[in-house]
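K.L.:
Need a 3D model of the sequence below.
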Amino acid sequence: YLYRYTSNNYFALKIFATGHLHRLLELKEKIGPGNTIYCVEWMDQQTVLPENLEMYDLLFDLNSDDDPSRMKTYTTLQKPVIVCAVKKSLHQLVQTVDKSINCHFVGMNALPTFINRSKVEISFLNNADAITFDKMAKKLDWEYLTVQDTVGMVTPRVIAMVINEACFTLYEETASMHDIDIAMKLGTNYPFGPFEWCDRIGVKDIYETLDAIAEDTGDLRYKICPLLKEKYLLQQPFYTP
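P.N.:
As a prediction, this is how the structure comes out:
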């Protein structure tokens, strides 16, 4: 799946992005009409990236922590490359590269529903990468929050834990799924209830994020609810599509 979004603005950035379709569409909304974006939907490890990546000012890999094998493709580019660093930290992703790195890798919370927000969640390896990204963020008119480079970052970790606790509440038959969603929206002013949010992000991404955090930290707080695991194994959302 390919699409091109163009602008007549002489100063428009040329942007390349790859990832799952729903993430690409959310990124397109975040980028806005002032730039040129060329996207390749990532289907599996057989997905072929274009050879002319050096022509772009900025690159996004929105599913890099699902498939780090593409990281080595970007290393020769002297450009900022923004990668999803949730299920794996940015350091872990970079460690998969066995060659010198000329690009500026930047970690981003690129889970669905978090891309097109007023402020994006970003992590860096060093000050040089931070300076490069800051210049690019100004051109994009993006606001961002810098977080420590850890598995799960900050917001995904919090939301995944909320969803997991909601699953335990439902699993123990303390309240219905609908009531839990309504209560969370009214009580916390969240945009979605935990089960609705889980479906929007994806059960797979929530489960794998929690699993990665649990493995990285060894913290029992991230023990996954059997109900969430069942939904993950069955590849089922909580609400009927």
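
K.L.:
how about the strands in the chain?
P.N.:
Under the criterion DSSP state E, the chain contains strands at 2-5, 14-19, 36-41, 58-61, 80-84, 104-108, 119-124, 143-146.

K.L.:
Now those in TSV, please, with extra columns for distance to Glu29, mean pLDDT and mean neighbour count.
P.N.:
From N, CA and C alone the C-beta is placed, and that goes for glycine too. Shown next, in TSV, are the strands of the chain (distance: least, CB to CB, whole Å; pLDDT from 0 to 100; neighbours: other CB atoms under 10 Å):
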stretch	distance to Glu29	mean pLDDT	mean neighbour count
strand 2-5	10	44	11
strand 14-19	12	95	22
strand 36-41	11	91	19
strand 58-61	13	97	25
strand 80-84	16	98	24
strand 104-108	15	98	26
strand 119-124	13	98	20
strand 143-146	15	97	14
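
K.L.:
Format those as CSV; extra columns: distance to Gly152.
P.N.:
Shown next, in CSV, are these (distance: least, CB to CB, whole Å):
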stretch, distance to Gly152
strand 2-5, 31
strand 14-19, 19
strand 36-41, 26
strand 58-61, 18
strand 80-84, 12
strand 104-108, 11
strand 119-124, 11
strand 143-146, 15
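
K.L.:
Tell me which residue lies nearest the centroid of the chain.
P.N.:
Centre of the chain computed as the mean C-alpha position; nearest residue by CA atoms, centre = their mean is Ala110, 1.8 Å away.

K.L.:
Distance check, the spatially closest residue to Asp67 that is not a sequence neighbour against Lys87.
P.N.:
Sequence neighbours aside, Gln45 is the residue nearest to Asp67 in space, at 5.9 Å (criterion: CB to CB, 6 or more residues apart in numbering). Using CB to CB, to the nearest Å, we find Gln45 at a distance of 16 Å from Lys87.
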